[in-house]
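> here is my input, please return the structure:
(chains A and B)
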Protein chains: 2
Amino acid sequence: MGVDFSHTYAVIMAGGGGTRLWPLSRKERPKQLLPLIGQETLFQSTVKRLSGLFPPERIFVVTVDEQAREMQAQAPDIPAENYIIEPAPRGTASAVGLAAMALMKRDPQASIAVLSSDHFIRNVDLFHYLLKASFEVAADGYLVVLGITPTNPSTAYGYIQQGQALDGEYKYPAYRVKNFKEKPDEQTAQQLLRSGDHSWNGGMFIWRADAILREIQRQMPDLHSTLERIGSHWGTRDYESALRDHWPGLKTETVDYGIMEKAERVAVLPAGGLGWSDVGMWSSLFEVLLPDMNGNIATNMNLHLAHETHNTMIYGGGGERMIVTIGVDDMVIVDTADILLVCKTDQSQKVRDIVEHLKKHNQERYL
Amino acid sequence: MGVDFSHTYAVIMAGGGGTRLWPLSRKERPKQLLPLIGQETLFQSTVKRLSGLFPPERIFVVTVDEQAREMQAQAPDIPAENYIIEPAPRGTASAVGLAAMALMKRDPQASIAVLSSDHFIRNVDLFHYLLKASFEVAADGYLVVLGITPTNPSTAYGYIQQGQALDGEYKYPAYRVKNFKEKPDEQTAQQLLRSGDHSWNGGMFIWRADAILREIQRQMPDLHSTLERIGSHWGTRDYESALRDHWPGLKTETVDYGIMEKAERVAVLPAGGLGWSDVGMWSSLFEVLLPDMNGNIATNMNLHLAHETHNTMIYGGGGERMIVTIGVDDMVIVDTADILLVCKTDQSQKVRDIVEHLKKHNQERYL
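Predicted structure coming up:
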């Protein structure tokens, strides 16, 4: 079955305020709004990556009020009315439901690619190819998830086990999903990596709006009726107050746990070679940025002198400041105006503990 | 032979502009003028350490014009006329000669303890005891050098080999010096450490002014005649112009090579337990400052969060800046306004290479 691409939409999920790249990302400056890789912000790269596949008027953004203004400034081509505002975070299930409802009202034939605002993908051509193939599969009513071929036994992602190949004549191999697995422990992660039939759940979904709403109705009837109530005011002056009234009562739930794990027609396209990264912690930037011959990366730097330094990333504030490293191996150094972080690369997930510590001790100014 | 302590003087050598503690010490802010250890500068600690042994009017300072003003501000008790100004650096032989000449003019019975402005000594009582004992030995005409009992096979110091014990009835064991040895290579340093009869030359000398001038006359007649010429104007309005005229023509020479190595009556007092350090590189601060249970040191810090961090020194700029270390071992981190240094502790002598590199590339602003 062919796909009419004039009914395909991208929905960028951008509500998060993560601090995993602290101290660069802060409560007020979330990761997606930072020029983390070169001059563009991750959000700008995400929008740019869609060029050629979606015109700006078919790119939507789900976010919170506080971030919408900055995003509009960063991506002025996306119409202001394409921002779908969550009054408060209620989990990804609620967010994809709201987007599906809004797009159904606009285009009952809408198919949606749900994407993250703060991920990196090196191979944009392959990404486009995979989205097109996914829309083919989604056209047959499947809820499609892109599976990222694992490159290491990561404990940071959920895993997707592929089952039988789908019958359809698609332009890329697609499989029934046999199993969704929560973030595993290290030993399990190694088994999953070796199995060959597991991929990472990177949070990229492709589905028809009617298909996802049907699954919400079946599995999360409360969410569905709330979406119906809000949707009945769509396009009227009452919409915003209806949203404000009904949204806060929603249960916070993820799309994985709330919908995907028990959905009826779920397919996975296992994707290697995308050069995907969720840029989830400092160590992941080594996969994204290109180190020099010594394995070093220096970004936003005026001057970095490296002596006997290897596999080390310097994330500097630029300006006239000089950073000198001597005998430094496997480190991440992040130098901001008010915080300096020096961290062994393989411990960069512990930045989270520091952030928790600061929260607990009311050090708000450093968050 | 007893010592009349009213004729003993301290001469603090303070001309240096070392950059071995770069980037904290700079061309314009030499090590001795920095509050490196607590609130006091090394120069202030040096002066304070003499209290009880020398009244301020018998403490002299040999330095250059640019540093004298700052030193007077830091140690206001020392009379301004006790600053002996070198118009230009001409080595330590010239400097101790100038001091001996100036003190002879003031007090022909003068005995002098030559000390450094930028060293650390933990055990001040023992230091006083050793100086008193050294003055006893010096009273018998010896040029005395304090030998520092080595605690490791350092290649950073010259070594002194002790010979026969002196006959005199001194309050501390004193020996003829058998040999002065230049800074050794590592293998030699290990042999010297094992020998048991070698100590470090820490640049602390005790002698009668007439004795050192006699040796200068014998071994460095040019220096001696220049000192005579300058000295003939001592106390007159012509002194400064005589100094300016004659000083620049002097050959640059160290006191060790120019005088001590071939002097006739040289004695050493081998001193363990002083807790001496020349604070010659960042790693040496671990001996001087007191690390916490994890071996860490944080100085001048508003806030240091250490997670899985060991044997690491954070030298921060204070203020509101926070420094976070995760998984960091055996490092020195120096955070100044315009330069950040991250350096493996055992490579901290390589700071010198960085300074050389900056000189070569005309990066004056960072020196």
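
> can you pull out the helices in the stretch 251-367 of chain A?
Using DSSP state H, counting those that start in this stretch, the helices of the stretch 251-367 of chain A run over residues A:255-258, A:285-288, A:351-360.

> so which of the ones you listed is nearest chain B?
Nearest of the helices of the stretch 251-367 of chain A to chain B, taken as C-beta to the nearest C-beta: helix A:351-360 at 5.6 Å. From N, CA and C alone the C-beta is placed, and that goes for glycine too.

> would you mind pulling up the elements that that closest one packs against?
Helices and strands touching helix A:351-360, by 3 or more C-beta pairs under 8 Å, 6 or more residues apart in numbering or on different chains; DSSP states H and E, are strand B:303-307, strand B:322-326.

> next one: that helix to chain centre, how far?
Relative to its chain's centre, helix A:351-360 lies at 23 Å (C-alpha atoms, centre = their mean, to the nearest Å).

> buried sites along it?
Neighbour counts over helix A:351-360 (16 or more other C-beta atoms under 10 Å in any protein chain shown) mark A:351, A:354-355, A:358 as buried.

> residue ranges with poor pLDDT in the stretch 201-350 of chain A?
By pLDDT under 70, the weakly predicted segments of the stretch 201-350 of chain A are A:302.

> show me what from it comes close to chain B.
Within the stretch 201-350 of chain A, the positions adjacent to chain B are A:305, A:307-308, A:320-328, A:331, A:333, A:335, A:338-344, A:346-348, A:350 by C-beta under 8 Å from any C-beta of the partner chain.

> can you tell me which of the helices and strands packed on helix A:351-360 is most buried?
strand B:322-326 (a mean of 24; mean count of other C-beta atoms under 10 Å in any protein chain shown).

> contacts for it, please.
For strand B:322-326, contacts defined as C-beta atoms under 8 Å, 6 or more residues apart in numbering or on different chains pick out A:23, A:338-344, A:347-348, A:350-351, A:354, A:366, B:298, B:301-309, B:312, B:314, B:316, B:331, B:333, B:335.

> 7 Å - rerun?
For strand B:322-326, the external contacting residues (C-beta atoms under 7 Å, 6 or more residues apart in numbering or on different chains) are A:338-344, A:347, A:350, A:354, A:366, B:301-309, B:312, B:314, B:316, B:333, B:335.

> let me know the angle separating it from helix A:351-360.
Interaxial angle, strand B:322-326 versus helix A:351-360 (axes from the mean of the first three to the mean of the last three C-alpha atoms, to 10 degrees): 140 degrees.

> what's the angle from strand B:322-326 to strand B:303-307?
Our comparison of strand B:322-326 with strand B:303-307, counting by the same axes, to 10 degrees, yields an angle of 10 degrees.

> about what we covered before: any of the residues of the stretch 201-350 of chain A next to chain B buried? List them.
Among those, the ones that count as buried by 16+ other C-beta under 10 Å are A:305, A:307, A:321-328, A:331, A:333, A:335, A:339-344, A:347-348, A:350.

> who does the strand ranked longest in chain A touch, helix- and strand-wise?
If you go by DSSP state E, chain A has its longest strand at strand A:198-208. Applying 3 or more C-beta pairs under 7 Å, 6 or more residues apart in numbering or on different chains; DSSP states H and E, one finds that strand A:198-208 makes contact with strand A:111-116, helix A:124-139, strand A:143-148, strand A:159-165.

> so, in contact with chain B or not, stretch A:24-31?
No: applying C-beta under 7 Å from any C-beta of the partner chain, one finds stretch A:24-31 separated from chain B by no less than 12.4 Å.

> can you give me the buried ones in that stretch?
By neighbour count on 16+ other C-beta under 10 Å, the buried set for stretch A:24-31 is A:24-26, A:30-31.

> contacting residues around it?
Stretch A:24-31 has contacts (C-beta under 7 Å, 6+ apart) with A:16-19, A:21, A:34, A:42, A:67, A:118, A:279, A:315, A:334, A:336, A:367.
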